[in-house]
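> quick one, structure for this:
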Amino acid sequence: MTKKYEIILKYIKDISVEIPNAETYVLSREYITKYTLGINITTNPLKNEMIEIITKINYKDTSKNKKKSYFELSFATVIKLKDKNLNKEDLEKVILCEVQNDIYPELEKSFLRIIKDSGFPDLKLEKKINFEELYQQKLN
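Numbering: from 1, shown residues only. I've put the predicted structure just below:
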């Protein structure tokens, strides 16, 4: 199957690491494996059949704990559509599934590196994001 798009460029658009103080850092190190991963995908149409896709992931403590850290990365991907006549559903699937599947390994690697470089132990995200499943849930 030929791709309906070409990735023109990709880059880290924004990074946020929030560790308010040393006490929070110590508590966060202890509970970091209990943090929750979130994802949000937005788009910005550009000229010449191009689209900027911002994939924002965050990792946060959703408990009532007052001392917590927060991690966020916005990853920008610019694609050029090869097929100018994609219907809305096909375009959504390209943006929400196909492009995400292409970029996610690099995005995840960068995100985990940022957490590690912030002083936390090596972290592995046990559950991989299934973009196809998320897309189907969005449709239903």
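> element containing residue 14, please.
Residue 14 is located in strand 5-18, with elements delineated by DSSP states H and E.
> list the buried ones in that strand?
Neighbour counts using 16 or more other CB atoms under 10 Å place 5, 10, 17 of strand 5-18 among the buried residues. From N, CA and C alone the C-beta is placed, and that goes for glycine too.
> for the nearest residue to the last one once chain neighbours are set aside, which residues are in contact?
Spelled out, it's residue 17. When the adjacent residues along the chain are set aside, residue 17 lies closest to residue 118, with 5.0 Å between them (CB to CB, 6 or more residues apart in numbering). In this structure, residue 118 makes contact with 17, 19, 69, 71, judged by CB atoms under 8 Å, 6 or more residues apart in numbering.
> got it, and residue 107?
With contacts defined as CB under 8 Å, 6+ apart, the neighbours of residue 107 are 55, 57, 73, 75.
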